[in-house]
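*Asks:* Mind looking at a prediction? Sequence and model below.
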Amino acid sequence: MLLILVTGMPGSGKSLVANVARELGITVVNMGDIVREETLRKYGRITPELMLEVSIELRKKYGEDYIAVKTVERIPRDSKIVVVDGVRSLAEVSVFKRIGKTVIIAVHASPRTRFERLLKRNRPGDPKNFEEFKKRDIIELGFGIGSVIALADYILVNEKEINKVIEEAKNLISEVIRHGEDNY
């Protein structure tokens, strides 16, 4: 199995890459869904503060690889290629390495760009102001996301017109698959 692990700070464009993968017929699992579902189960609602609290709590209680372990449970065993959206630590990368060949794609965008995107996206758990945004970034960096980004096999800079970034993402995913075909 080839696992394409997508990482990046909140609002960088990980979902864009995941959507491109879906359009290419690739199975996508989203790690953030685990935290959103647990937050909703525990509190009955989702806010940025509660999402962060649950994310930290799950990692403290069950280990920093817990969310990855729960994500693996959602990967169809008959899949040859899977995109995992939202990898945040090297411990999580290790979990995926145990079940297949891994390739990391880091999506990068400036903080200003990311903040503006998150405001427009308005997904449950997204920050509503710049203070929440900065707090979330610090927590994400504390999880170890910077190390995953630093060790990425590929980097997609998401600062251009969306159609150009979508085309770059298609080309990048296709290249990853071509190079990975012999190894899964």
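*Replies:* Nice, thanks for sending it over.
*Asks:* could you give me the average pLDDT of the longest strand along the chain?
*Replies:* In terms of residue count, the longest strand belonging to the chain (DSSP state E) is strand 101-108. Averaged over strand 101-108, pLDDT sits at 97.
*Asks:* Then stretch 119-133?
*Replies:* 84.
*Asks:* Report the buried residues of it.
*Replies:* 125, 126, 127, 132, 133 (16 or more other Cβ atoms under 10 Å). Backbone N, C-alpha and C define where each C-beta goes, glycine included.
*Asks:* just for the protein, where's the confidence low?
*Replies:* The model of the chain has pLDDT under 70 over residues 125, 181-184.
*Asks:* any idea how far the residue positioned nearest the centre of the chain lies from residue 46?
*Replies:* Using Cα atoms, centre = their mean, the residue of the chain that lies closest to the mean C-alpha position is residue 86, 1.3 Å off. Look at residue 86 and residue 46: by Cβ to Cβ, to the nearest Å, they are 15 Å apart.
*Asks:* In the protein, what residue spans correspond to strands?
*Replies:* Counting by DSSP E, the chain has strands at residues 2-7, 27-30, 81-85, 101-108, 154-157.
*Asks:* Counting by contacts, list what the last one packs against.
*Replies:* So that's strand 154-157. Counting contacts by 3 or more Cβ pairs under 8 Å, 6 or more residues apart in numbering; DSSP states H and E, strand 154-157 packs against strand 101-108, helix 162-180.
*Asks:* Pipe the ones you listed into CSV and attach distance to residue 18 per row.
*Replies:* Output for those, formatted as CSV (distance: least, Cβ to Cβ, whole Å):
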stretch, distance to residue 18
strand 101-108, 10
helix 162-180, 9
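*Asks:* just these: most buried one?
*Replies:* Highest mean neighbour count of these: strand 101-108, a mean of 21 (counted as mean count of other Cβ atoms under 10 Å).
*Asks:* same for that strand, what does it pack against?
*Replies:* Other elements packing on strand 101-108 under the criterion 3+ Cβ pairs under 8 Å, 6+ apart are strand 2-7, helix 14-23, helix 90-97, helix 145-150, strand 154-157, helix 162-180.
*Asks:* change it to 6 Å
*Replies:* strand 2-7, strand 154-157 (3 or more Cβ pairs under 6 Å, 6 or more residues apart in numbering; DSSP states H and E).
*Asks:* Quick one: work out the angle between the longest one and helix 14-23.
*Replies:* Counting by axes from the mean of the first three to the mean of the last three Cα atoms, to 10 degrees, strand 2-7 points 160 degrees away from the direction of helix 14-23.
*Asks:* What helices and strands are in contact with strand 2-7?
*Replies:* Using 3+ Cβ pairs under 6 Å, 6+ apart: strand 2-7 touches strand 81-85, strand 101-108.
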